[in-house]
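Participant: Output the structure for:
(one chain, ligands or ions: 1)
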Amino acid sequence: MAVTGATSGIGLIGIQVAKALGAMTVICTTRSQDRARLLRHAGADVVIVTWTQLVSQALLDATGGRGVDVVFDHVGGQILASCLPGIRDGGSVINIGRLGRGLIDLDALSYRHLILRGVLFGLEPPDQIGDVIAALTGDVISAVPDGRTRPVIDAVFPFDQANDAIARVRGGSPDGKVVLAMS
Ligand SMILES: NC(=O)c1ccc[n+]([C@@H]2O[C@H](COP(=O)([O-])OP(=O)(O)OC[C@H]3O[C@@H](n4cnc5c(N)ncnc54)[C@H](OP(=O)(O)O)[C@@H]3O)[C@@H](O)[C@H]2O)c1
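Facilitator: Predicted coordinates for the structure are as follows:
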């Protein structure tokens, strides 16, 4: 599987959940060579630095030419478009974030029989929430206490330094979550 914009908070947990669920190869994208180590530490097997590599070719190379089963996409736009030829026939894209710009080629979707799904966490239809929670119990929940999934924390600020915490979030790309501690 592949995760685009994988240094996002959801991406860093997503890598770990994918591993807990048995994904053999987790391939992550970032725009920054400097953040490759963060992704590997979270469990990425392969890191694609998007401005240095053709994403679709890198996905094919990492999967022996077959293509990935699923892409968890935090970016959309050009990055999503560049993933499509690197997904196996009948594979899926779950779009989570829409940070990037650019159009996707619908031919790339149809020729490979791909499924493109949008999600809005917290606002899933009520009749599906039970299925989501049921799917989480078992492999995903058990991965928390045994340490296979754990939050990636960039920094912890005391509550009276909330402005500094906000500045940390606004000022760039924190390596994981910025936490406000309340005593
Ligand atoms: N569907 C939902 O229910 C749901 C829930 C939560 C969040 N989201 C969305 O998921 C996305 C990620 O959330 P976040 O708060 O973790 O975002 P974020 O921290 O702003 O960005 C996530 C990562 O994406 C990369 N990135 C940022 N801007 C980019 C751009 N213009 N083009 C390509 N890559 C870019 C950066 O990674 P590098 O610098 O390493 O490239 C960044 O670390 C956001 O779009 C957010 O709105 C959706």
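
Participant: in the chain, which spans are helices?
Facilitator: Taking DSSP state H, the helices of the chain run over residues 9-20, 36-42, 55-62, 77-83, 106-111, 126-136, 139-142, 162-170.

Participant: neighbours of the residue in the chain positioned nearest to the ligand, just the number please.
Facilitator: Of all residues in the chain, the one sitting closest to the ligand is Gly97 (2.5 Å; CB to the nearest ligand atom). In short, each C-beta sits where N, CA and C put it, glycine included. When neighbours are defined as other CB atoms under 10 Å, Gly97 has 16 of them.

Participant: how close does it get to Leu54?
Facilitator: Distance of Gly97 to Leu54, computed by CB to CB, to the nearest Å: 22 Å.

Participant: Likewise for Ile96?
Facilitator: 23 Å.

Participant: who's more crowded, these two?
Facilitator: Using other CB under 10 Å as the criterion, Ile96 and Leu54 rank with Ile96 on top: 22 against 14.

Participant: in the chain, which ranges drop under the pLDDT threshold?
Facilitator: Within the chain, the segments meeting pLDDT under 70 span 122.

Participant: give me that answer again for 90
Facilitator: 9-10, 100-102, 119-140, 147, 171-173, 183 (pLDDT under 90).
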